[in-house]
Every structure is written in structure tokens, then in C-alpha cells.
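Participant: got a predicted structure here, sequence first:
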Amino acid sequence: MTALLLVRALRDPDCVAALDARGWNSLIAMARAERLIGTLALRIGERPVPGAVRAILTDARADAEREARQALWEADRAAEALAGLGLPVVLLKGTAYAAAGLSAGQGRFIGDLDILVPRAALTEVEHALIRAGWEWVKDDPYDDAYYRQWMHELPPMIHAGRDRMIDVHHTVLPLTARQTPDAAAMIADALPITNELYMLCPEDRVCHAAAHLLADGDLAGGLRNLWDIYCLLDGIDPAALSVRAERHGLGRHVRQAQRLAAALYGEGARLTLWDRIVAARLLARDGWGRERRKLLGFAFYVRSHWLRMPPAMLARHLMTKWRKGHRPV
């Protein structure tokens with residue numbers, strides 16, 4: 001069994017009518033593992049399901065709604081903390097989707113608050129957040145220096161009183177990555193949500209999601225990211241998206257994201273061999289929601305680091321982390 005069961009339920013919620021108790025257990029375990037249980041609950045809606053399942057789905061919807069409220073409140077607090085700087089504060093990912101009422105935000109569990117600000121303003125933003133109660137999560141000097149010199153964001157911060165994380169981005173991929181998206185253009189073309197908060201334009205939302213899924217990480221939990229992309233693609237102008245993706249150096253990744261979203265959640269698409277390998281990684285769950293194909297997962301873990309930095313730098317970084325006791329899961 002793979003996570004294809006979850007994909008089918010999201011694509012065609014009517015298919016859950018044929019599930020037995022084992023099938024429901026597997027579907028719920030997979031949805032929880034991929035943080036798609038809230039989305040699944042909304043997709044199933046009021047269709048007949050077993051009583052125990054109904055309770056789980058009802059709780060999932062309530063949890064997602066609570067997380068959305070918390071995320072929007074955290075965005076409001078960040079906006080107030082940064083209001084005096086006169087800077088655009090661009091919401092990213094789940095908080096942006098929820099704030100704008102996008103379909104990608106419906107039922108979505110939202111973790112950290114992600115914002116995008118001009119790189120030249122990072123010091124001002126950092127100081128303003130510290131004054132407002134945020135503090136550093138990482139106390140390792142190597143990690144701190146690594147973030148500041150090479151990453152696309154400040155080291156993660158957490159609010160001392162609310163225990164909520166914020167990631168302050170100045171671009172959307174590490175500075176050592178092979179692609180160099182035009183963060184200044186993303187900020188310049190961002191759209192207002194409120195007087196203080198903005199979100200990326202539709203094309204940049206897809207570009208960012210595709211970069212996050214395919215040009216940066218190891219694809220763990222990637223089915224949720226691909227669902228975001230599937231929703232974000234709805235109604236978008238393909239020609240405008242193509243132009244914008246090429247501007248950010250992400251044309252190949254956006255095209256692959258389009259094919260994968262169509263193949264798994266939409267009406268189908270012709271997949272390349274590489275697409276099929278990526279899809280196998282995305283679907284690598286067993287009936288208990290646990291990751292399968294550990295060797296494939298490790299290969300994508302190594303690939304994620306390979307994408308982030310040149311070989312010599314990668315070797316030094318992995319050796320340093322190994323000496324500090326870090327091991328890939």
C-alpha cells in the first residue's frame with residue numbers, strides 16, 4: 001500500500017464509500033502523516049462515513065480552523081511589531097493562503113509564520129521582532145553563522161509569550177542554491193491583503209511553492225505541498241506563469257510541479273522518468289502512515305543538500321553536522 005489511497009480520496013472523495021475499517025485506518029494515518037487530515041475532512045464534507053471516522057474528521061476541521069486563527073493572529077502581531085519600519089511584510093505559504101481566503105488554505109494546518117522582507121532591512125526587522133518578544137531558537141554559533149551567511153532566512157525565532165515560531169525570509173531559496181529567484185521582484189509585485197500585510201502575486205505563489213517542493217527540500221511531506229500547488233494553479237494563466245517562472249530560474253521546476261499536480265490530483269498528465277521517481281518518493285507511505293523506501297528517502301535527503309550548496313561546501317557542512325551529532329532520520 002502507498003499514499004495513493006490518500007491521493008485518490010482527495011481527488012475523488014466519493015471513493016471513500018468503498019473503504020472498510022482497514023482502509024479508513026490507513027487513509028486517516030496517511031492523512032495525518034502528510035498533515036492533510038483537515039483538507040481531507042473538508043473534501044469528504046457530509047458524505048456518509050462511519051461514526052468513529054466522523055468524529056475524527058470533525059476534530060480535524062476544528063483543529064485546522066483553530067490553527068488558521070492562531071496563524072492570522074500571529075501575522076497581525078508581526079505586522080504590528082514591524083509597522084514602524086515602513087517595509088512591505090509579505091506573508092508566505094499557509095498563513096498567506098488563509099489570510100486571503102484561498103482554496104489552498106482550506107483545512108490546511110499552519111505551522112510557523114513565514115514572512116518575506118527586503119534583505120537590506122533584515123537587521124531592522126530582527127531588532128524590531130526582538131523588542132516585541134521574539135527570541136532565537138538556535139544557540140549554536142555554527143548554525144547561527146550558517147543561516148546568516150548562506151541561507152534565505154534568518155535563524156528561526158520564537159515568541160517568548162506565545163510559543164509561536166517565525167521565519168524571516170529575504171528570498172525563497174538558499175543563497176548557495178543553483179536557482180536564484182528574483183526576491184526583489186516578488187516583493188515589488190506583491191498584492192495587499194490588509195494595510196500592513198501583503199502576499200505574493202498568483203504566479204509567484206506557484207513559483208515559490210514549486211521551489212519549496214522541488215528545488216530545496218527532500219520531499220518529506222510533499223503531498224501537502226503538491227496539493228497547495230494544485231489549488232494555486234486553478235485559474236492561473238499558464239503563459240504568465242511560464243514567463244514568471246523563467247524570470248526566477250524555476251521554469252523546469254514549475255513545469256514538473258504542473259505535471260505532478262495534474263497526474264496525482266487532476267485529470268492526468270504524461271510523466272517523465274524523473275517525474276515517476278519523484279512521485280514514488282511522494283507516495284512512499286505504508287498503511288500505518290510510516291515512510292517506506294528508506295533508501296529512496298535517503299537519496300532525496302542527500303539530493304536536497306546537493307541542491308543547496310556546491311560539493312566542497314556540502315562536504316564541509318555535512319562533516320561539521322556529523323561531528324555535532326546530527327544524523328538524518
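Facilitator: That came in fine, so what should we check first?
Participant: endpoints of stretch 284-297, how far apart?
Facilitator: Stretch 284-297 has its terminal residues 8 Å apart, counting by Cα to Cα, to the nearest Å.
Participant: buried stuff in that stretch?
Facilitator: Going by neighbour count (16 or more other Cβ atoms under 10 Å), the buried part of stretch 284-297 is 284-287, 289, 291, 293, 297. Any C-beta I mention is one placed from the backbone N, CA and C, and that applies to glycine too.
Participant: residue 234: what secondary structure?
Facilitator: Under DSSP: H, G, I helix; E, B strand; the rest coil, residue 234 falls in the coil class.
Participant: next, give phi and psi for it.
Facilitator: When read as degrees, to the nearest 10, the backbone of residue 234 gives phi -60, psi 120.
Participant: now it, nearest residue through space, not along the chain?
Facilitator: The shortest distance from residue 234 to any non-neighbouring residue, by Cβ to Cβ, 6 or more residues apart in numbering, is to residue 103 (6.7 Å).
Participant: just checking, the one you found touches residue 235?
Facilitator: No - at 9.8 Å, residue 103 does not count as touching residue 235 under the criterion of Cβ atoms under 8 Å.
Participant: with neighbour numbers in mind, choose between those two.
Facilitator: Taking neighbours as other Cβ atoms under 10 Å, residue 103 and residue 235 compare with residue 103 leading, 17 against 8.
Participant: state the pLDDT value of the more buried one.
Facilitator: Among the per-residue scores, residue 103 holds a pLDDT of 95.
Participant: now the one 4 residues further on
Facilitator: At residue 107 the predicted local distance difference test score is 95.
Participant: that older thread, how much space between the residue nearest to residue 234 and residue 227?
Facilitator: 10 Å (Cβ to Cβ, to the nearest Å).
Participant: about what we covered before: tell me which of the buried residues of stretch 284-297 fall in strands.
Facilitator: Assignment to strands by DSSP state E places none of the buried residues of stretch 284-297 there.
Participant: residues in contact with residue 288?
Facilitator: Applying Cβ atoms under 8 Å, 6 or more residues apart in numbering to residue 288 gives the contacts 26, 29.
Participant: can we see that at 7 Å?
Facilitator: Counting by Cβ atoms under 7 Å, 6 or more residues apart in numbering, residue 288 makes contact with residue 29.
Participant: and it, how far from residue 10?
Facilitator: 19 Å.
Participant: mind checking how far the host helix or strand of residue 253 is from the chain centre?
Facilitator: Following DSSP states H and E, one finds residue 253 within helix 251-265. For helix 251-265, the separation from the chain centroid amounts to 15 Å (computed by Cα atoms, centre = their mean, to the nearest Å).
Participant: ok, stretch 213-229 next?
Facilitator: That offset, for stretch 213-229, works out to 6 Å (Cα atoms, centre = their mean).
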